[in-house]
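Asks: fold the following and give me the result.
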Amino acid sequence: MSKQIETSFQVQLDNRDRATVFARVILAFPVFIFLSSFSIETFFDSNSLQTYGLFVLPVVLALLFRGVYPSYVLVFNKALFGLGNRVWAYLALLTDEYPSIEESNVVRITYPEVEGGKTLSRGLPLIKWFLAIPLYIVGFVYIIYGFIMLTLAWFNILFTGSMPQAAADAIVRVNQYWNRIYGYAVILVTDEYPSFSL
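Replies: Residues are numbered from 1 along each chain as shown. Presented below is the predicted three-dimensional model:
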């Protein structure tokens with residue numbers, strides 16, 4: 001089993017709904033509000049990095065002082081992270097299926113075995129955010145690439161009703177890259193440094 005988060009998406013390439021693609025952001029607004037309601041910061045606060053309410057500090061403290069990843073926090077973080085990915089899959093045009101607030105087959109996320117945190121370093125969570133800075137820099141380049149492919153996919157779906165395989169692959173790989181970073185530096189389910197490759 002891998003020591004990184006593995007994400008797979010059920011991508012819909014053909015028979016796309018052109019009307020919903022045109023207004024995707026507006027249609028996703030209710031579920032986005034639901035997702036944002038888990039965040040401590042206000043929805044319209046643009047000066048802060050939101051992690052959509054994922055519990056990070058309690059995990060850091062539990063790992064640091066007890067050497068344990070609390071199971072109830074892990075379950076919550078997994079559920080909320082899955083919801084965020086389903087919303088993203090809908091906004092990124094990977095599917096026309098409206099994001100469910102419950103688990104669905106659109107997104108499947110496989111986590112490394114945490115074993116209550118006993119296999120995780122006790123002190124590393126304090127500096128993982130710093131060690132991940134190079135990953136963030138490369139990730140922003142990937143975001144630009146993914147946004148270009150998303151724009152091409154949007155026009156292609158709007159005019160032809162299908163999504164190009166190359167655009168879907170690029171969007172999926174960029175999301176998988178960022179999920180590996182989140183698994184390492186935010187959700188803290190692995191100590192294995194993520195790869196820089198897509």
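Asks: quick one: contacts for Ser104?
Replies: By CB atoms under 8 Å, 6 or more residues apart in numbering, Ser104 lies in contact with Arg86, Glu97. In short, each C-beta sits where N, CA and C put it, glycine included.
Asks: tell me the spacing between it and Trp154.
Replies: Separation of Ser104 from Trp154 (CB to CB, to the nearest Å) stands at 23 Å.
Asks: what's the burial count for the residue lying closest to Ile5 once chain neighbours are set aside?
Replies: Leaving aside its chain neighbours, Ile5 sits nearest to Gly183 (3.6 Å; criterion: CB to CB, 6 or more residues apart in numbering). Using other CB atoms under 10 Å, Gly183 is surrounded by 23 other residues.
Asks: and Gly183, what does it touch?
Replies: Gln4, Ile5, Tyr111, Pro112, Val189, Thr190, Pro194.
Asks: skipping adjacent residues, who's closest to the third one in space?
Replies: Think Tyr111. Val189 (5.4 Å).
Asks: give the contact list for Ala170.
Replies: Tyr145, Gly146, Met149, Leu198.
Asks: which strand or helix spans it?
Replies: helix 165-181 (DSSP states H and E).
Asks: my guess is Leu120 meets Ile187, correct?
Replies: No. Leu120 is not in contact with Ile187 according to CB atoms under 8 Å; the separation is 11.2 Å.
Asks: who has more neighbours, these two?
Replies: A direct count of neighbours by other CB under 10 Å for Leu120 and Ile187 places Ile187 higher, at 25 against 20.
Asks: residues near the closest residue to that one other than its chain neighbours, how many?
Replies: Spatial nearest neighbour of Ile187, chain neighbours left out: Asn77 (5.2 Å); criterion: CB to CB, 6+ apart. When neighbours are counted by other CB under 10 Å, Asn77 registers 26.
Asks: and Asn77, how far from Val172?
Replies: Using CB to CB, Asn77 is found at 22 Å from Val172.
Asks: also Met149?
Replies: 10 Å.
Asks: that's all I had, so thanks and see you.
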